[in-house]
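Student: below is the sequence, then the predicted model.
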Amino acid sequence: MLLSARTHAAAGHHEQAEITLRQLVQKDQSNLDAFATLGRFYLTAGRLDDAREQFEQIARTDTNAGASTMVGMILSAQNRREDAQRAFERALGTNPRAGVAANNLACLYQEQDV
């Protein structure tokens, strides 16, 4: 499915690429490549609010912390640091070994001390 979505995106079939990626992240929430690809798709399209809404929906049932991490990253990109901090903390509450969430949260904490 990931290869199919990437092929659709490369061919300019953005709607089909988005549909395929959304199906993939809902089907396999442990597929971090799918999360990253969907996030990059939305970022490239300048659709951060859409991306955040999509990942927030996934995060409600995410047992892997990937969606909450993506929400935090999007909120960080939108300069919503307090909301991003809560998202990363939620990700770590789901999975204390979520390295990306831990790293990004540490950066936010460090920025507060500066």
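Tutor: Received, thanks.

Student: from now on I want contacts and neighbour counts done on CA atoms only, so please keep to that.
Tutor: Will do.

Student: and the residue nearest the centre of the chain, how close does it get to H8?
Tutor: Note on the chain: the residue nearest the mean C-alpha position is M70, at 2.3 Å, using CA atoms, centre = their mean. Counting by CA to CA, to the nearest Å, the gap from M70 to H8 is 22 Å.

Student: equivalent analysis for T20, please.
Tutor: 9 Å.

Student: neighbour count winner among those two?
Tutor: Taking neighbours as other CA atoms under 10 Å, T20 and H8 compare with T20 leading, 20 against 17.

Student: quick one: name whatever helix or strand follows the host helix or strand of that one.
Tutor: Using DSSP states H and E, T20 maps to helix 14-27. For helix 14-27, the succeeding helix or strand toward the C-terminus, using DSSP H and E, is helix 32-45.

Student: may I see the buried residues of that next one?
Tutor: Within helix 32-45, the residues scored as buried using 16 or more other CA atoms under 10 Å are 32, 34-39, 41-43.

Student: return the distance of that helix from the chain's centre.
Tutor: 7 Å (CA atoms, centre = their mean, to the nearest Å).

Student: so what touches the helix or strand following that helix?
Tutor: Per DSSP H and E, helix 32-45 leads on to helix 48-59 as the next helix or strand towards the C-terminus. Outside helix 48-59, the residues that touch it by CA atoms under 8 Å, 6 or more residues apart in numbering are 26, 38-39, 42-43, 65-68, 70-71, 74-75, 78.

Student: same for the lowest-mean-pLDDT helix or strand in the chain, what does it pack against?
Tutor: Lowest on mean pLDDT, DSSP states H and E among the helices and strands of the chain sits helix 32-45, with a mean of 80. Applying 3 or more CA pairs under 8 Å, 6 or more residues apart in numbering; DSSP states H and E, one finds that helix 32-45 contacts helix 14-27, helix 48-59, helix 66-77.

Student: ok, and the closest non-adjacent residue to the residue nearest to the centre of the chain?
Tutor: Counting by CA to CA, 6 or more residues apart in numbering, F55 is the residue found nearest to M70 once chain neighbours are left out, at 6.7 Å.
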